[in-house]
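*Asks:* Provided below for reference: sequence and predicted model.
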Amino acid sequence: MDEDKLLSDFNTEIDQAFQNAWHSEKGGDEKWNNILNTYGVIPLTKEEKDFLLNSEMKITRGAFPIELRRVFEVIIQKNISLASSSQKLTTALNNFNMEAKVLEYYQKIKPFSGLGDIFKNAATGTQKYSSGLQKEKQKTMTCKNCGAPRLDEMQYDNCLFCGSKLFEIK
Ligand SMILES: [Zn+2]
């Protein structure tokens with residue numbers, strides 16, 4: 001097959017997944033679930049979605065980043081087998097930065113942050129200080145990629161919000 005065609009098919013499929021997730025209703029919808037299904041990706045459970053919707057990781061629209069990541073992973077796996085015949089596709093796959101791509105998506109679905117953030121951060125700072133005394137001993141694990149807190153009461157290896165494996169202790 002034509003090298004350029006393989007590469008453009010890959011880029012198109014990644015872009016379409018991104019757009020479909022973005023155009024989905026907040027937290028996903030039936031159409032998005034159908035897309036997940038065609039990729040053999042299991043959506044988050046209702047319990048996980050409710051948990052995320054009530055977490056500090058606010059979103060205004062779109063499917064959750066972790067579900068888009070899972071679709072990306074399937075697209076990449078599929079293309080790895082095609083890439084042996086295409087140097088261009090191999091390069092594109094090697095250069096695909098999953099964390100950055102998922103973060104780019106998160107930036108598009110999170111609430112608009114303009115000047116308001118300064119006030120919000122100031123308020124959070126005060127709040128942190130006052131609740132800090134109670135929570136002092138409790139170290140929070142946060143996702144290095146999106147900043148979501150990792151909660152001990154929920155058992156999962158990857159960030160529930162964006163799917164990253166990278167955690168750091170704050
Ligand atoms: Zn994350």
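*Replies:* Alright, I've got the coordinates.

*Asks:* how about the helices in this structure?
*Replies:* Assigned by DSSP state H, the helices in the chain fall at 3-23, 30-38, 46-53, 65-83, 87-95, 98-109, 116-135.

*Asks:* can you pull the buried residues of the fifth one?
*Replies:* When burial is assessed from 16 or more other C-beta atoms under 10 Å, helix 87-95 yields the following buried residues: 89-90, 92-93. The C-beta positions use only the backbone N, C-alpha and C, and glycine is treated the same way.

*Asks:* from these, which is closest to Val102?
*Replies:* Leu93 (16.2 Å; C-beta to C-beta).

*Asks:* what's near enough to touch the closest one?
*Replies:* The contact partners of Leu93, by C-beta atoms under 8 Å, 6 or more residues apart in numbering, come to 10, 76, 79-80, 83.

*Asks:* list buried residues within these.
*Replies:* Buried by 16+ other C-beta under 10 Å: 10, 76, 79, 83, out of the contacts of Leu93.

*Asks:* where's the nearest residue to the third one once chain neighbours are set aside relative to the ion, distance?
*Replies:* Using C-beta to C-beta, 6 or more residues apart in numbering and skipping the chain neighbours, the partner closest in space to Asn79 is Phe10 (5.2 Å). With distances defined as C-beta to the ion, to the nearest Å, the gap from Phe10 to the ion amounts to 25 Å.

*Asks:* repeat for Asn145
*Replies:* From Asn145 to the ion the distance is 5 Å (C-beta to the ion).

*Asks:* right, and that residue touches Ser164 too?
*Replies:* Yes: counting by C-beta atoms under 8 Å, Asn145 does reach Ser164; the two are 3.8 Å apart.
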